[in-house]
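Engineer: The following block contains a protein sequence and its predicted model.
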Amino acid sequence: MTAPNSTSLYSRIQKHGTLTESPTDVANARFALPSTVHWMRALALLTDHLRLDFGAGRMFYRRVQPRSMPQPELNTVFEQLLFVLNQIAALHALTSATNKADVARTGIVAWYYGIYSAASAMTAAMDGSFQDNHAETARNWQERFPAKGLAMDPFADCLSNLLPSSVKAELVPVRARGQHSLLNQPTTRTEAWGCCAEYLSGTARWEQWSVDERLRETPAFKELQVADFRTKAARQMRDAAYARRSIAFLHQASRYRGKANYRDAIYLAYGSSVPTQLSGFVDDMLLVLKAFGAMAGAFCSLRVGKAIWAEFVDDLDRKKAISVSPRDVW
């Protein structure tokens, strides 16, 4: 982004804030856009290196056994996978846009809902569970997949809770794969893993802040008549809330979508250098979503069984309205 001047929108927001953000809450332009672009670049580098496709997913989940599903559960799995394919088709169409700044924000929303639907299909296929809100879907997927070693890299990292001591300890092996600032574009696997570690760490800090803010509004906290968490009673209340909150890839994806829609939205559409910085961004999102969708499809295919899966793919291939074939992903 070019340096702000006294009449720029960015300068005005920095000085005066908006109706939803005070000046101190305005995101730093130096970090907001690079972190958005570089995290996705890191994920794309890793999915490419790991060759995460449907075949790799079938091998990873080879011990998964089919289960008999009631029709509503089976229909939910397939409906969510169709939604994934639809979002992949949308991103594929957006790659043809000449100026990626025109479509970056829309692309992030499509990417997120593709991830969300893929995770929903996986949990429904696992045991018939399905949540209709984002927080519960993220928790549900975290408990059934990453926490049990059933998510593929680079989507497997998770933190069991938000207690600072746990976060610090559990980030040690994550950071051991590489260290790299999100301010700088990753070009190697080691740097890509470093970016992923930084985004997971940043999401943990954001989730801790979010828990703190929600607790401050509760009657129990207000009864303490304190302004922060320095007292023993307030710390115990906060730590109990931290202990109940885990973090996995879906939480990171949800934060990513939220930043694009709200806090960091200006940086995707404002600044003369933005189109150049976003030149490969949509292509990276497409690659990552296809990889996550391939993982989800692989698990679901084994869970529903060979014959039913083949019928589903054949039906979609014959009657699809979108331009992407299921065979392009599965």
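Structural biologist: Good, I have the coordinates.
Engineer: Alpha carbons only: can I get the helix or strand containing P275 in CSV?
Structural biologist: Following DSSP states H and E, one finds P275 within helix 274-277. Included here for helix 274-277 are C-alpha records, laid out as CSV according to Å, rounded to 0.1, in the frame of the first residue of the first chain:
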residue,chain,number,x,y,z
VAL,A,274,-2.6,-3.9,-4.1
PRO,A,275,-3.3,-5.4,-7.5
THR,A,276,0.3,-6.4,-7.9
GLN,A,277,0.5,-7.9,-4.5
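Engineer: where along the stretch 201-330 of the chain do the strands fall?
Structural biologist: In the stretch 201-330 of the chain, no strands are found when defined by DSSP state E, counting those that start in this stretch.
Engineer: Which neighbouring residues are in contact with the nearest residue to A138 once chain neighbours are set aside, exactly?
Structural biologist: Leaving aside its sequence neighbours, A138 sits nearest to L250 (CB to CB, 6 or more residues apart in numbering; 4.0 Å). Every residue, glycine included, has its C-beta placed from N, CA and C. Under the criterion of CB atoms under 8 Å, 6 or more residues apart in numbering, the neighbours of L250 are I115, Y116, A119, T137, A138, W141, Q142.
Engineer: So which of these sit within helices?
Structural biologist: Counted as lying in helices by DSSP state H, out of the contacts of L250, are I115, Y116, A119, T137, A138, W141, Q142.
Engineer: how is the protein carved up into domains?
Structural biologist: Domain assignment of the chain by automatic domain parsing yields the ranges 28-157+250-330, 159-247.
Engineer: Check the offset of the longest one from the chain's centre.
Structural biologist: In terms of CA atoms, centre = their mean, to the nearest Å, the centre of domain 28-157+250-330 is found 9 Å from the chain centre.
Engineer: just the last one next, same as before
Structural biologist: Between the centre of domain 159-247 and the centre of its host chain there is 16 Å, according to CA atoms, centre = their mean.
Engineer: what about it, average pLDDT?
Structural biologist: What domain 159-247 shows for mean pLDDT is 96.
Engineer: Could you identify the longest helix within the chain?
Structural biologist: The chain, longest helix under DSSP H: helix 189-216.
Engineer: Tell me the buried residues in it?
Structural biologist: For helix 189-216, the neighbour count (16 or more other CB atoms under 10 Å) marks 189, 191-204, 206-208, 211-212, 215 as buried.
Engineer: can you check stretch 109-128 too?
Structural biologist: So stretch 109-128, judged by 16+ other CB under 10 Å, has buried residues 110-126.
Engineer: What separation do you get for the residue nearest to the spatial centre of the chain and S117?
Structural biologist: Central residue of the chain (CA atoms, centre = their mean): A253, 1.5 Å from the mean position. Separation of A253 from S117 (CB to CB, to the nearest Å): 11 Å.
Engineer: H16 too?
Structural biologist: Noted for H16: a distance of 39 Å to S117, by CB to CB.
Engineer: same question, F83
Structural biologist: From F83 to S117 the distance is 4 Å (CB to CB).
Engineer: Check F54 too.
Structural biologist: 17 Å.
Engineer: what's near enough to touch the closest residue to Y242 other than its chain neighbours?
Structural biologist: Closest residue to Y242 apart from its sequence neighbours, by CB to CB, 6+ apart: L162 at 3.9 Å. By CB under 8 Å, 6+ apart, the residues touching L162 are A204, E207, Q208, V211, A241, Y242, A243, R245, S246, I247.
Engineer: secondary structure element for L162?
Structural biologist: Using DSSP H and E, no helix or strand contains L162.
Engineer: and if you look at A90?
Structural biologist: helix 71-94.
Engineer: Looking at that helix now, give me its mean pLDDT.
Structural biologist: Here the average pLDDT along helix 71-94 is 98.
Engineer: for S272, phi and psi?
Structural biologist: When read as degrees, to the nearest 10, the backbone of S272 gives phi -70, psi -20.
Engineer: how about CSV for the contacts of L250, with pLDDT and distance to G258 added?
Structural biologist: Formatted as CSV, the contacts of L250 follow (pLDDT from 0 to 100; distance: CB to CB, whole Å):
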residue, pLDDT, distance to G258
I115, 98, 13
Y116, 98, 12
A119, 98, 16
T137, 94, 14
A138, 94, 12
W141, 97, 17
Q142, 96, 17
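Engineer: Sounds good, over and out.
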